[in-house]
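Novice: this one's sequence-less:
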RNA sequence: GCGGGUGUAGUCUAGUGGCAGGACCCGAGCCUCCCAAGCUCGUGACCCGGGUUCGAAUCCCGGCACCCGCACCA
């Protein structure tokens, strides 16, 4: 029963619907005490994989951006749905889809007014019931706000953390000492004003993303550490295919199923991360996006999907080759160069013809345009320069005006230049994680029942509470020692709970239900020989250890330096 | 956003117009020498707002939330 794990999550303080005392708002959840701790641990494990191990750094950018950012990224225009609803039956439709289906025309790029006009002109009716259709209205999934007083400066809550990293490219490029590839990571909140969020943590209006943007040279999509993962198996569901195929990373790339090593490296890396969280290999697959479902920026995209009992296959990670889409868009919109430099193995020497503008002529004749004319002349392709050399004139357009340039204005010169390299816009590989969804999958997979009792089989690293300290009985002499040990454990940095109420069995059951991996029990032997027992959650087995070493042993167990079976022998 | 269903303690639930009950959980105490034992006592709820009625958890209307289906999820 998968419902049970959500019941525990609610009852034991992992998550709860937000704003309950005011009736609740769908699409928002609080991480309650244990949930917040678990989420933090999950994020820390993510950091191990995608920041520390990869040699990347993490940044944190604002959640509110001026609209320029999302005009450039395409979210202002592409993140909008033109909707119409039927005034009779109430069904809502995408206006553009409805028109293109009914009239068999393309609706790409039409404005809302144009869509509206088409509906009126052709007297389109509701395809369901034939009722009258409302006006076309827009629905943008971004939350809009205003920056500062007044309504002049429009801002949006970011719908993804990615843009914050793209727009930092020049700074990051120099931070990484102008060498590609490099990656930058961010864990943070993102916001989408979903029309109707459902399914609890699976579709939230405010959610946590963990994203990495790796900037690479598009001419080299090999990965330096690919060989390390080449023989790892992946369950792949390629485009237009019904069934999962199991291939090694090497086979997937060699057969061209996954486009290149870089993408494939991150499929494997992502898989290793999800396995560490306790998600079983058989419940994992990578599904390639279909051409038509690919986001407006992506060249290739694979989703890591996890099979859940409650929701079926759900997407938890998207691993996309975003190409140069974003940097290109921001370069165009901002006017700031967002490029890297690629040095040639050997400098190229060559002679070539260039036009040298004569400013003394250009200035008086073209006045304000003169500067732009000169710039255009310098950038004229060599073939054009050659024609100019032959014909003595060329027509160029500057600031939407056509001007004719003759020998008076510019002189053809032959120069020898040494080209040491070239500039280019990097491509971006982006693994993007839905932390809330992964959180759900972790809980669902950790949950099982043992003799009718609930247990969360969370790894020590994930578990929100690492240890519990119990006196066997609620007796003064045991309580005193137990309290001392509890303090020692906490001072060692271990998040622990103390409990002396009810029977020892009940206390074990209580902590099993919230996934506490280890319980230290102080009994009457402790008073004799200064030893205590450590009980491991999953096996329910116990080992006796000197009380002075408890904190240290727990640390080793939690960090995985020692395993419990080792301790037993 | 549309249609259908549901909303009673922390959780699960009984209650179909007449004093809102139970189980588990939780708290205090007793008991208890290792896996949800027992006993005593205790805290705690009708989603919100309006209407009908002498009287509403119950009937009606509106809102909110959740579940299912449709649409949406670049």
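Specialist: Perfect, I can see it now. Quick caveat, the model's predicted, so the values are computed rather than measured.
Novice: only C-alpha atoms for contact and neighbour calcs from this point on.
Specialist: Noted.
Novice: Start and end of stretch A:25-44, how far apart?
Specialist: 29 Å (Cα to Cα, to the nearest Å).
Novice: Quick one: mean pLDDT for that stretch?
Specialist: The average pLDDT for stretch A:25-44 rounds to 94.
Novice: repeat for stretch A:75-90
Specialist: Taken as a whole, stretch A:75-90 has a mean pLDDT of 71.
Novice: what residues does the helix or strand harbouring residue A:42 touch?
Specialist: With elements taken from DSSP states H and E, the one containing residue A:42 is helix A:33-47. The contact list for helix A:33-47, computed with Cα atoms under 8 Å, 6 or more residues apart in numbering, reads A:9, A:12-15, A:187, A:273, A:277, A:435, A:439, A:461-465.
Novice: For that helix, what is the distance to the chain centroid?
Specialist: Counting by Cα atoms, centre = their mean, to the nearest Å, helix A:33-47 is centred 16 Å from the centre of its parent chain.
Novice: repeat for stretch A:188-200
Specialist: Centroid separation for stretch A:188-200 versus its chain: 15 Å, with Cα atoms, centre = their mean.
Novice: Report whether that stretch contacts RNA strand B.
Specialist: Yes - Stretch A:188-200 reaches RNA strand B (Cα under 7 Å from any atom of the strand) through A:194, A:195, A:196, A:197, A:198, A:199, A:200.
Novice: Which members of the contacts of helix A:33-47 are positioned in helices?
Specialist: Among the contacts of helix A:33-47, the members found in helices (DSSP state H) are A:9, A:273, A:435, A:439.
Novice: Please report the number of neighbouring residues for the residue of the stretch 1-150 of chain A found nearest RNA strand B.
Specialist: Here the residue of the stretch 1-150 of chain A nearest RNA strand B is residue A:26; by Cα to the nearest atom of the strand that distance is 3.3 Å. Counted with other Cα atoms under 10 Å, residues neighbouring residue A:26 total 18.
Novice: Identify the residue spatially nearest to it, adjacent ones excluded.
Specialist: residue A:197 (6.6 Å; Cα to Cα, 6 or more residues apart in numbering).
Novice: I'd guess that neighbour is in a helix, am I close?
Specialist: No - if the criterion is DSSP: H, G, I helix; E, B strand; the rest coil, then residue A:197 is coil and not within a helix.
Novice: Tell me who's in contact with it.
Specialist: Residue A:197 neighbours (Cα under 8 Å, 6+ apart): A:26, A:27, A:203, A:204, A:205.
Novice: can you pull the contacts of the nearest residue to the fourth one once chain neighbours are set aside?
Specialist: If I follow you right, that is residue A:204. Residue nearest to residue A:204 in three dimensions, not counting chain neighbours: residue A:27, with 4.3 Å by Cα to Cα, 6+ apart. Listed by Cα under 8 Å, 6+ apart, the contact set of residue A:27 reads A:194, A:197, A:198, A:200, A:201, A:203, A:204, A:205, A:206.
Novice: May I ask which two of the contacts of residue A:197 are separated the most?
Specialist: A:26 and A:203 (9.8 Å; Cα to Cα).
Novice: And the contacts of the helix or strand hosting residue A:346?
Specialist: Assigned by DSSP H and E, residue A:346 belongs to strand A:340-357. With contacts defined as Cα under 8 Å, 6+ apart, strand A:340-357 is touched by A:173, A:178, A:374, A:377-378, A:380, A:382, A:385-386, A:409-426.
Novice: Show me the shaky parts of the stretch 251-400 of chain A.
Specialist: Where the stretch 251-400 of chain A drops to pLDDT under 70, the residues are A:292-297, A:399.
Novice: just checking, residue A:372 touches residue A:398?
Specialist: Yes - assessed by Cα atoms under 8 Å, residue A:372 is found in contact with residue A:398 at 6.7 Å.
Novice: Could you pull up phi and psi at residue A:432?
Specialist: For residue A:432, the backbone dihedrals (degrees, to the nearest 10) come out as phi -130, psi 120.
Novice: who in the stretch 451-569 of chain A is up against RNA strand B?
Specialist: Counting by Cα under 7 Å from any atom of the strand, the stretch 451-569 of chain A sits next to RNA strand B at A:452-454, A:472-475, A:501-510, A:513, A:521-524, A:532-533, A:535, A:540-542.
Novice: Narrow the residues you listed to those that are buried.
Specialist: Neighbour counting over those (16 or more other Cα atoms under 10 Å) leaves A:454, A:472-474, A:504, A:507-510, A:513, A:521-523, A:532-533, A:535, A:542 as the buried ones.
Novice: what about the closest residue to residue A:519 other than its chain neighbours, how many neighbours?
Specialist: Distances taken as Cα to Cα, 6+ apart place residue A:468 nearest to residue A:519, at 4.5 Å, with adjacent residues excluded. Neighbours of residue A:468 under the rule other Cα under 10 Å: 24.
Novice: And the residue of the stretch 101-250 of chain A closest to RNA strand B?
Specialist: Here the stretch 101-250 of chain A gets closest to RNA strand B at one residue, residue A:199, 3.9 Å apart by Cα to the nearest atom of the strand.
Novice: any idea where the strands of the stretch 151-300 of chain A begin and end?
Specialist: Using DSSP state E, counting those that start in this stretch, the strands assigned to the stretch 151-300 of chain A run over residues A:154-157, A:182-191, A:206-216, A:233-237, A:245-248, A:284-288, A:300-308.
Novice: Any chance of those in a markdown table with mean neighbour count and distance to residue A:392 as columns?
Specialist: Formatted as a markdown table, the strands of the stretch 151-300 of chain A follow (neighbours: other Cα atoms under 10 Å; distance: least, Cα to Cα, whole Å):
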| stretch | mean neighbour count | distance to residue A:392 |
| --- | --- | --- |
| strand A:154-157 | 20 | 50 |
| strand A:182-191 | 22 | 48 |
| strand A:206-216 | 23 | 43 |
| strand A:233-237 | 21 | 60 |
| strand A:245-248 | 16 | 62 |
| strand A:284-288 | 23 | 55 |
| strand A:300-308 | 22 | 48 |
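Novice: And the helix or strand that contains residue A:383, what's buried?
Specialist: Using DSSP H and E, the element containing residue A:383 is helix A:382-391. Neighbour-count burial for helix A:382-391 flags A:384, A:385, A:386, A:388, A:389 (criterion: 16+ other Cα under 10 Å).
Novice: follow-up on the earlier one: quick one: buried ones out of the residues of stretch A:188-200 next to RNA strand B?
Specialist: Neighbour counting by 16+ other Cα under 10 Å classes A:194, A:197, A:200 among these as buried.
Novice: between the residues you listed, which is closest to residue A:482?
Specialist: residue A:200 (39.9 Å).
Novice: where does the nearest residue to the closest one once chain neighbours are set aside land in three-state SS?
Specialist: Nearest in space to residue A:200, with sequence neighbours left out and distances taken as Cα to Cα, 6+ apart, is residue A:27 at 7.2 Å. Recorded secondary structure, residue A:27: coil (three-state DSSP).
Novice: now do residue A:520
Specialist: strand.
Novice: what do you get for residue A:459?
Specialist: For residue A:459, the assignment made with three-state DSSP gives coil.
Novice: Verify the contact between it and residue A:279 for me.
Specialist: No - using Cα under 8 Å, residue A:459 makes no contact with residue A:279, being 11.2 Å away.
Novice: quick one: which of these two has more around it?
Specialist: A count of neighbours by other Cα under 10 Å puts residue A:279 above the other of residue A:459 and residue A:279, at 22 against 18.
Novice: what is the rounded mean pLDDT of the helix or strand in which residue A:509 is found?
Specialist: Element membership for residue A:509 (DSSP H and E) is helix A:504-513. On average, the pLDDT along helix A:504-513 is 95.
Novice: Please enumerate residues in contact with stretch A:315-334?
Specialist: A:68-69, A:72-73, A:163, A:166-167, A:218, A:263, A:266-267, A:297-306, A:336-338, A:425-435, A:437-438.
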